[in-house]
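Undergrad: Just a sequence and a predicted model for now, questions to come.
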Amino acid sequence: MNTVQRDRATKMPSNIEYEVRYRKIRYPRLEFKTGNLVLVLPLGYKDEASLLKRHERWINSRIAMINEALEESKNLTLVMRTKEEFHYVIKKLLHKYEKLLGKKINKIYFRRMRSKWASYSTKNNITINTMMQYLPDELLSYVVFHELLHTEIRKHNANFWRNIERRFSNHDELEMQLFYYWFLLQKEMTQSQMNKI
Ligand SMILES: [Zn+2]
C-alpha cells in the first residue's frame, strides 16, 4: 500500500488537542505521550469522530489525571547538580547497593530516555536516564535500588515489591513523586527547547 498520509495535529470538538499518526496497522489505537493525546490510525482510516466519541470517558479520565500531575508538579523543585556531581552520586549509590545485595553490575550507561527513569538489561547493565540529574537524593536512591534489585529478581512480582517495601516503606509516595517529576521535567525540557529557537 503506497498511500501517503501526512501526520497532523488537530482539535477535538471539546477543544482537546490531539495528534494523528498514520501507520500500517489494522486497528486504530489511542495513546498518551507525555501528556498529549495521539491517535494512531490505519492508513485511510476516516472515522476519527466516532473513535473519539467511543473513548471519550477514557480520554477525559486520563486528561484529569495529567492535569492533576501538572498541578502537583508545581510544588516540586528541581535539584541543581552538575553532570559530574550527578554521575558521582549515582555511582556511589550503585556501590552502596551492590555491597548490600552482594551483586555486581557490568556497566552503567547514562542516556536520555523517553519513557523510563532507568532500566536493567539481561547483560547485567544499568541505564540511567539523564533527566534524573534533577531529582532529589531520595528518589535517586530509590531508582538505583530498584534497578539493582533486578539483578536478583527480574520481574516486578510480589517478592520484588516485598524487598522494595523493606527498604523503602514509603515507595507509593516515591512512585507518585517520580510521576510528578516526570511531568515537570518534560515541561521544562519542552520550554528550554523552545527558548533555543
Ligand atoms: Zn523494574
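TA: All right, it came through fine. Numbers count the residues shown, from 1 in each chain.
Undergrad: per-domain residue ranges of this protein.
TA: Using automatic domain parsing, the domains assigned to the chain come out as 8-73, 83-196.
Undergrad: host element of residue 99?
TA: helix 83-101 (DSSP states H and E).
Undergrad: so for the following helix or strand past that helix, what's the average pLDDT?
TA: Next helix or strand after helix 83-101 toward the C-terminus (DSSP H and E): strand 108-111. Across strand 108-111, pLDDT averages out at 96.
Undergrad: The helix or strand just after strand 108-111 pairs with which strands?
TA: Using DSSP H and E, the helix or strand that follows strand 108-111 towards the C-terminus is strand 118-120. In the sheet, strand 118-120 lines up against strand 126-129 (antiparallel) (DSSP bridges).
Undergrad: Give the lowest-confidence helix or strand of the protein, using mean pLDDT as the measure.
TA: strand 8-11 (a mean of 61; mean pLDDT, DSSP states H and E).
Undergrad: can you give me how far the helix or strand following that one is from the chain middle?
TA: Per DSSP H and E, the first helix or strand lying C-terminal to strand 8-11 is strand 17-23. A distance of 20 Å separates the centroid of the chain from that of strand 17-23, by C-alpha atoms, centre = their mean, to the nearest Å.
Undergrad: Highest mean neighbour count out of the domains of the chain?
TA: Counting by mean count of other C-beta atoms under 10 Å, domain 83-196 has the highest mean neighbour count of the domains of the chain, with a mean of 15. The way it works is simple: take the backbone N, C-alpha and C, and place the C-beta from them, glycine included.
Undergrad: what residue ranges in this structure score low on pLDDT?
TA: Residue ranges of the chain with pLDDT under 70: 1-15, 34, 192-197.
Undergrad: redo that, cut-off 80
TA: For the chain, the stretches with pLDDT under 80 are 1-16, 33-35, 187-197.
Undergrad: what about residue 40, which helix or strand?
TA: Assigned by DSSP H and E, residue 40 falls in strand 36-42.
Undergrad: which helix in this structure runs the most residues?
TA: In the chain, assigned by DSSP state H, the helix with the most residues is helix 171-196.
Undergrad: re the thing from before, name the helices or strands packed onto the helix holding residue 99?
TA: Judged by 3 or more C-beta pairs under 8 Å, 6 or more residues apart in numbering; DSSP states H and E, helix 83-101 is in contact with strand 108-111, helix 137-149.
Undergrad: 7 Å - rerun?
TA: Judged by 3 or more C-beta pairs under 7 Å, 6 or more residues apart in numbering; DSSP states H and E, helix 83-101 is in contact with helix 137-149.
Undergrad: which residues are contacting the helix it packs on?
TA: Helix 137-149 is contacted by residues 89-90, 93-94, 97-98, 101, 103, 117-118, 120, 126, 132, 160, 163-164, 167-168, 174, 177-178 when judged by C-beta atoms under 7 Å, 6 or more residues apart in numbering.
Undergrad: same thing with stretch 118-131?
TA: With C-beta under 7 Å, 6+ apart as the test, stretch 118-131 has contacts from 90, 105-113, 116-117, 143, 147, 150-151, 185.
Undergrad: Could you tell me the end-to-end distance of that stretch?
TA: Length of stretch 118-131, first residue to last, C-alpha to C-alpha, to the nearest Å: 10 Å.
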